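Colleague: Fold the following, please.
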Amino acid sequence: LTYGLKGLAAYLHHAAELGAVDDSIQAFLESALVATLDDALDGEALTGLVLEAGAQGVKGMALLDGANTGRYGHPEISKVKLEVGNRPGILVSGHDLHDLEQLLEQSADAGIDIYTHSEMLPAHYYPAFKKHAHLRGNYGNAWWQQTREFETFRGPILFTTNCLMKPAESYKDNVFTHGLVGFPGVKHIDGYDFAQVIEMDPSDREALV
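Modeller: Below is the predicted model of the structure:
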């Protein structure tokens, strides 16, 4: 139940960033959290809550889908570049399309390419993101390969919510977290000003080859 609520909370957060809120889902989330503290509940009662969490999760995903398509258009079958370019790059992980939108707008004239890691791959299918020519392509594979693939990326990495691995010491200094994400010893960004990511010292952000 706890893991289900964590996933539900993440979807609700993404939807809320785009102005979509469902009070009934939020009410279930709160009541289910309270239930996790009730030692009188037996297995049958808890199983019922888990099943209800699944049903609310479907509603939550529909809410988020509506928010995403309302803001970015309906996804289209698209070709995505998998090779890297010869300009400095920023890698974005997680699922937060709103964060990616803000980063793309703020970096439009910075001479930097933006890459998604595969958790963020669906962004390439939304029409609104295709207007950003510096959304170069996708770098890497599944989320659980992050610790290996992030080590080989020569540039800053922005962590947004969902599907994240604890940064290794070898590349931790290149990582920025945002919003609800945080790791000890990793730079965190409050608000939506990504200037410190975009303006990272060029000597620390070599061109990708």
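
Colleague: quick one, longest helix in the chain?
Modeller: For the chain, the longest helix by residue count, based on DSSP state H, is helix 43-72.

Colleague: Show me what secondary structure element comes after that helix.
Modeller: Later in the chain than helix 43-72, the nearest helix or strand by DSSP states H and E is strand 89-93.

Colleague: Now do that next one: which elements does it pack against?
Modeller: Using 3 or more CB pairs under 8 Å, 6 or more residues apart in numbering; DSSP states H and E as the contact test, the elements touching strand 89-93 are helix 97-106, strand 113-116, strand 157-159. Where you see a C-beta, it was placed from the backbone N, CA and C, and this is true even at glycine.

Colleague: Could you list the buried residues of the first one?
Modeller: With burial defined by 16 or more other CB atoms under 10 Å, the residues of helix 97-106 counted as buried are 97-104.

Colleague: Can you dump the C-alpha atoms of it in PDB for me?
Modeller: Extracted in PDB, the C-alpha atoms of helix 97-106 (Å, rounded to 0.1, in the frame of the first residue of the first chain):
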ATOM      1  CA  LEU A  97       7.500  17.100 -18.300                       C
ATOM      2  CA  HIS A  98       7.000  20.500 -16.700                       C
ATOM      3  CA  ASP A  99      10.600  20.500 -15.500                       C
ATOM      4  CA  LEU A 100      11.800  19.700 -19.000                       C
ATOM      5  CA  GLU A 101       9.600  22.400 -20.500                       C
ATOM      6  CA  GLN A 102      11.100  25.000 -18.200                       C
ATOM      7  CA  LEU A 103      14.700  23.900 -18.900                       C
ATOM      8  CA  LEU A 104      14.100  23.900 -22.600                       C
ATOM      9  CA  GLU A 105      12.700  27.400 -22.600                       C
ATOM     10  CA  GLN A 106      15.400  28.800 -20.400                       C
END
